[in-house]
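Chemist: Got a sequence here, can you model it:
(chains A, B, C and D)
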Protein chains: 4
Amino acid sequence: MIVVTSTNIREERLQELVGYIEKHEVATHVVKGEDRIVIGIIGKADPKLAEQLRQMKDVIEVIKISKSYKLASREFQPANTVISIKGVEIGGDQLVVMGGPCAVESAEQIDDIARLVKAAGAQVLRGGAFKPRTGPYSFQGVGVEGLQMMAEAGKKHNILTITEVMTPEYVDVCAEYADILQVGTRNMQNFDLLRKLGTIQTPVLLKRGFSATYDEFLNAAEYILAGGNPNVMLCERGIRTFETYTRNTLDLAAIPVLQSLSHLPVISDPSHGTGRRELVEPMAKASVAAGANGLIIEMHTDPDNSMTGDGVQSLFPDQFAKLMHDLEQLSPLCGKKFDTPKEALSV
Amino acid sequence: MIVVTSTNIREERLQELVGYIEKHEVATHVVKGEDRIVIGIIGKADPKLAEQLRQMKDVIEVIKISKSYKLASREFQPANTVISIKGVEIGGDQLVVMGGPCAVESAEQIDDIARLVKAAGAQVLRGGAFKPRTGPYSFQGVGVEGLQMMAEAGKKHNILTITEVMTPEYVDVCAEYADILQVGTRNMQNFDLLRKLGTIQTPVLLKRGFSATYDEFLNAAEYILAGGNPNVMLCERGIRTFETYTRNTLDLAAIPVLQSLSHLPVISDPSHGTGRRELVEPMAKASVAAGANGLIIEMHTDPDNSMTGDGVQSLFPDQFAKLMHDLEQLSPLCGKKFDTPKEALSV
Amino acid sequence: MIVVTSTNIREERLQELVGYIEKHEVATHVVKGEDRIVIGIIGKADPKLAEQLRQMKDVIEVIKISKSYKLASREFQPANTVISIKGVEIGGDQLVVMGGPCAVESAEQIDDIARLVKAAGAQVLRGGAFKPRTGPYSFQGVGVEGLQMMAEAGKKHNILTITEVMTPEYVDVCAEYADILQVGTRNMQNFDLLRKLGTIQTPVLLKRGFSATYDEFLNAAEYILAGGNPNVMLCERGIRTFETYTRNTLDLAAIPVLQSLSHLPVISDPSHGTGRRELVEPMAKASVAAGANGLIIEMHTDPDNSMTGDGVQSLFPDQFAKLMHDLEQLSPLCGKKFDTPKEALSV
Amino acid sequence: MIVVTSTNIREERLQELVGYIEKHEVATHVVKGEDRIVIGIIGKADPKLAEQLRQMKDVIEVIKISKSYKLASREFQPANTVISIKGVEIGGDQLVVMGGPCAVESAEQIDDIARLVKAAGAQVLRGGAFKPRTGPYSFQGVGVEGLQMMAEAGKKHNILTITEVMTPEYVDVCAEYADILQVGTRNMQNFDLLRKLGTIQTPVLLKRGFSATYDEFLNAAEYILAGGNPNVMLCERGIRTFETYTRNTLDLAAIPVLQSLSHLPVISDPSHGTGRRELVEPMAKASVAAGANGLIIEMHTDPDNSMTGDGVQSLFPDQFAKLMHDLEQLSPLCGKKFDTPKEALSV
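Modeler: From the prediction side, this is the model:
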């Protein structure tokens, strides 16, 4: 249940309302928006309480929220969340593309790729400094040094950066260097990590667990929102099914479903979602047609020798540029702008 | 393994080659195309045989086919199969849309819907006369009478028809009334049905089993092709996963995957693939962006009272018309024509 | 909803009740048991009708059945169904074991195996004459001749026989030769086959579709029961999951679940359920511990050269005999008798 | 690849061998056993190196290990790992049962339950102080205080304790209070947590991720083993499938599969594996019949009012005692001893 008041309410009166509500054995969470203030009521509230609140001064409306997640729900916030980072708006009418390698490998590599993805029109550079790997003997990423390399490349080429954070203790250092923090599929229910991300304001791209339901996914986002960080993007990256030809089954229905259940932006990852280079282009386009707010795509200058072995799903630079060109055509028909200035591509 | 000869080969010589091959404990299957003749070799052939054949007169090339399915494979036939039915071409550069109710309910109902889907630009009218139902106490379809009603509606409104056939003994009567026969998801591995469909020339839309791998799907198509019917379309209609919010998970990557493995047209079914009306539009668009050759979509004039209870995934006529309008815009950007003359829509 | 009357009711009065009920736009299905007669009401009955029936003469009780399947439900028939075939009771307190090859290959092969499985204590000989195969180029079974070979072997060695029937038109000939008819996993929802099986009295072993829910499985059984054949056994044979190390995931919880939802016997198939010879023994034992009424197990005298290529999951004769010995020990602790006379095993 | 030497080898010579190996661009990991010393070689070794090593002094054998996990593999260590904790041996011929509530709720509750599970014959008391919950508004456990309550109850009733640890920073405090640390299904690939657990010697029960393959599961165990902690138990707790009647599908084939691939003990969790109280007993028995080294079972004195809402899968004390009695009968037939002294049960 949520209680909506006007922004004209005096702080004292707001506290009075909160105090009154909390006497009824429920917790509250206050969110101050531009044109309204919302008091979220968490826990099972007495139906009479809603009736009483509705008749109180300064209360505009009282809305029951039927989901287990509250702040993430469209019922709680009907308008889309638009996350604005240095002029790039994610969740609005702009299509946002994040491109780059699976892992940062060297300063030269990331600089080269930053230049190429920027030239092709992408707004964000992706790259992992810490890599979650199935086995302990695989390449685990270059660490903090990689964060620095990527930050420099981003700065030089005037492009935002996104990188994965795997553990609460590294949240601060990752946030120091990157514009967006990514939570990987295996960490979607790493609740301590989610709680820590709730304490900062850096935007978070939360990847869906490869076997998570929509409900579990939105509850994971709720951990971050409830902690106080409203800047969450949801990322569909493929689910695990019986089909083994593709690495995962990219569940594109997740895009309109999540957009109807929630106000958060939805990004699609056709690279991990298929695990095959030749499927990235059609699935990227299909994602945009399904309404995605953005894409995150692997691109590598030398995919066959990538250090993570994930090259098999990375586009070559010219494929990435070609895809960006096609997306520019497609976007307006799918209700999205594609307006980042592109420079000449020189590989 | 397949053996390719020119079309100039004498029949006598062709039979000589076939005889020679069959002495090696393998079976053969001859397909005569416009610019070449192909002898498919079925079974494990001695590698030496390939070498011998390669050096024989009239043999242009010998190609090893690595898949368990042969005739369905892109290796066997590099060019797309285009199925031409009364001027409608499926598998070529035209986007084909099949629309209509889950089940034929009455002559009036199907006539009404035929008029509406035709007016909106669809080329094919769908409708089930025989319905596969989970339980024996559910509505099982109106039977042969329904076939007649649909055939009349199709004729009157100049639109092709597609209907589901559930058992070998009904193949002939269904083929008498409908232009395309549909094999449902539960029957994808009803091998006797597939064999029977191989004996006729009526085009078949084969739906993917809801837990079938791509390999099993193409092997099911192979049963029809091997029987002698080359007119097979593949239909992705959603797979069963752990997610229960949607009725199925529409696996759109299946579209480019099947098109790369096979030369057969691929149709997408966003209605059964999601089971929710509000998801049909975004998933239909995403299907086209992913490269689908066509769509099969449920539309009903009174979905809330449909006899199968599937109305929850059926579009209303105006939603269908709106979607067709959008697809007309989208198709050219996805390499497809959308050229069926549309008439004014009068609901 | 079901209506229970005593067996003393006059036929005339029973028909009167049925007629009264059918005036309320529902169908009926009458089952005459030893100590009660049950009128099953199919369709949505007016709640008032239950009230009226309860007060009528000769009506003992009126029970609402909440499931979509009726006759298969434990609510409908609280006591276990025990299927008695030539002295072997399936569904009672006897553990029943069915053993034999995937496919009948020759008269000699099936005779040899019949002797061995009988000697080891099995009550039923399994063997397929018609084989459902993924691709059209695989061995499809030896056909009717195989039925004859198996019938002879069964007769000679005094052991029951079970064989798979794939299509309605072969039901009669299969029933002529075999004691039990098996419906394979791919045919669980071949509704015409199920309907045909409802018209005979030969016991049917219905395998769970590899992606069928319990509810769908029991509805498939309902098709056979509703047709008039009460002799149905349910067979858990593994479901399709993301795990590929095993061919399927044997869902042993299905055993107690199905036994609680239904009165029908439940058989477990650890051979197809795992697809690996070394897992058959532990999963067979686990099935008995979970409460299975019986097992169906592949055994072959020369598994490495089996014609279906399924030898990899077939036990060798001595492994089968060893397993039977272990099951004899285990059964009494799991509430089952294991009392078939065993003869000396001579391979 | 692993290199085996006798235990008589001088330390100096051992270091010499290690140094020689590491010159070949691979890493090493030395494990000193009672009757042999093993040098694990991690990374792709030159095949010639194996040949050279085989001919060196003090080298008994060189074994290629084909799996991505090394220390966890049966190839690496053919003999079962037996973890000995205060006289309880896990992984040997004793059946080990861990029982208790989902969450520690109060000192009185855990004391009461400790007494009951001990009296029934269990060797380990389970209970969560930190609870991973899907949503942020659910009960998250009582924290460190709960650890203290459980430790006291364990001491008083002379029973080992196991509790879940969710984050690296809590590993030390959990290890201070509990005898065994549990990694939950959502944390199976929380690699930082696994690495931290590799630095201590406290036994770890690692639960299989609900969608993890056997290979991923064993690689997760490898993280702990590679860190230096050999005391790892694997726990099958059900996987996520399309079936929703049960909370998970308990994959009992995992027991013999993991025991063949690995030397680590395998524990089964029929409570979470089914999510339904009435299925715990049959699945517990089936687990033992399949060869499980132990069971972890939820028991609660007042399940309907459990704070986690998981009571629906918790046994009542008398059901737990009855199950233990049955397991005592069953164990010897499944090659396990069941020898913990039981006291009179007084609820």
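
Chemist: Which residue ranges of the stretch 101-250 of chain A form strands?
Modeler: Taking DSSP state E, counting those that start in this stretch, the strands of the stretch 101-250 of chain A run over residues A:124-126, A:160-164, A:180-183, A:204-207, A:232-236.

Chemist: what would the ones you listed look like in CSV with mean pLDDT and mean neighbour count?
Modeler: C-beta coordinates here come from the backbone N, C-alpha and C atoms, glycine included. Output for the strands of the stretch 101-250 of chain A, formatted as CSV (pLDDT from 0 to 100; neighbours: other C-beta atoms under 10 Å in any protein chain shown):
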stretch, mean pLDDT, mean neighbour count
strand A:124-126, 98, 29
strand A:160-164, 98, 25
strand A:180-183, 98, 24
strand A:204-207, 98, 27
strand A:232-236, 98, 27
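
Chemist: Which stretch among these approaches B:Gln123 most closely?
Modeler: Closest to B:Gln123 of the strands of the stretch 101-250 of chain A, according to C-beta to C-beta: strand A:232-236, at 32.3 Å.

Chemist: what residues does the closest one touch?
Modeler: A:72, A:81, A:83, A:90-91, A:180, A:182, A:203-208, A:217-218, A:221, A:224-225, A:250-252, A:254-255, A:258, A:262, A:264-269, A:273, A:293-294, A:296 (C-beta atoms under 8 Å, 6 or more residues apart in numbering or on different chains).

Chemist: let's go with 7 Å and repeat that
Modeler: A:83, A:90, A:203-208, A:217, A:221, A:224-225, A:250-251, A:254-255, A:258, A:264-269, A:296 (C-beta atoms under 7 Å, 6 or more residues apart in numbering or on different chains).

Chemist: got the angle for that strand vs strand A:160-164?
Modeler: 70 degrees (axes from the mean of the first three to the mean of the last three C-alpha atoms, to 10 degrees).

Chemist: Work out the gap between the helix or strand following strand A:232-236 and the centre of the chain.
Modeler: The helix or strand immediately downstream of strand A:232-236 is helix A:254-261, counting by DSSP states H and E. Here helix A:254-261 is found 14 Å from its chain centre; the criterion is C-alpha atoms, centre = their mean, to the nearest Å.

Chemist: which residues sit against helix A:254-261?
Modeler: Helix A:254-261 is contacted from outside by A:73-74, A:214, A:218, A:234, A:236, A:266, A:268, A:287, A:290-292, B:245-246, B:278-279, B:282, using C-beta under 7 Å, 6+ apart.

Chemist: can you rerun that using 6 Å?
Modeler: Helix A:254-261 has contacts (C-beta atoms under 6 Å, 6 or more residues apart in numbering or on different chains) with A:Arg74, A:Tyr214, A:Leu234, A:Glu236, A:Val266, A:Ala290, A:Gly291, A:Ala292, B:Leu279, B:Pro282.

Chemist: Just the C-alphas of that helix, formatted as PDB.
Modeler: C-alpha atoms of helix A:254-261 as PDB (Å, rounded to 0.1, in the frame of the first residue of the first chain):
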ATOM      1  CA  ALA A 254      10.600 -10.100 -20.800                       C
ATOM      2  CA  ILE A 255      11.000  -6.600 -22.300                       C
ATOM      3  CA  PRO A 256       7.300  -5.700 -22.500                       C
ATOM      4  CA  VAL A 257       6.500  -7.700 -19.400                       C
ATOM      5  CA  LEU A 258       9.000  -5.900 -17.200                       C
ATOM      6  CA  GLN A 259       8.000  -2.600 -18.700                       C
ATOM      7  CA  SER A 260       4.400  -3.300 -17.800                       C
ATOM      8  CA  LEU A 261       5.100  -4.500 -14.300                       C
END
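
Chemist: Show me which residues of chain A sit near chain D.
Modeler: A:42, A:68, A:132, A:134-137, A:167, A:186, A:189-192, A:211, A:216, A:219, A:222-223, A:226, A:240 (C-beta under 6 Å from any C-beta of the partner chain).

Chemist: For burial, what's the neighbour tally of A:Leu14?
Modeler: Per other C-beta atoms under 10 Å in any protein chain shown, the neighbour tally for A:Leu14 reads 16.

Chemist: so is it in a helix, a strand, or just coil?
Modeler: helix (DSSP: H, G, I helix; E, B strand; the rest coil).

Chemist: tell me the pLDDT at it?
Modeler: At A:Leu14 the predicted local confidence, pLDDT, stands at 94.

Chemist: how near is it to D:Leu264?
Modeler: 57 Å (C-beta to C-beta, to the nearest Å).

Chemist: Adding distance to A:Thr199, write the contacts of helix A:254-261 out as TSV.
Modeler: Output for the contacts of helix A:254-261, formatted as TSV (distance: C-beta to C-beta, whole Å):
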residue	distance to A:Thr199
A:Arg74	25
A:Tyr214	26
A:Leu234	20
A:Glu236	26
A:Val266	24
A:Ala290	33
A:Gly291	31
A:Ala292	29
B:Leu279	36
B:Pro282	35
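
Chemist: Just name the closest of these to chain D, please.
Modeler: A:Tyr214 (12.1 Å; C-beta to the nearest C-beta).

Chemist: residues touching that closest one, list them.
Modeler: Going by C-beta under 6 Å, 6+ apart, A:Tyr214 touches A:Val257, B:Tyr245.

Chemist: Could you check the lowest-mean-pLDDT helix or strand in chain A and say which residues are buried?
Modeler: Every helix and strand in chain A was compared by mean pLDDT, DSSP states H and E; the lowest is strand A:27-32, with a mean of 79. Neighbour-count burial for strand A:27-32 flags A:Thr28, A:His29, A:Val31 (criterion: 16 or more other C-beta atoms under 10 Å in any protein chain shown).

Chemist: now whichever residue of the stretch 201-347 of chain A sits closest to chain D: how far from chain B?
Modeler: Residue nearest to chain D within the stretch 201-347 of chain A: A:Ser211 (3.5 Å; C-beta to the nearest C-beta). Separation of A:Ser211 from chain B (C-beta to the nearest C-beta, to the nearest Å): 6 Å.

Chemist: what number of residues lie near that residue?
Modeler: 22.
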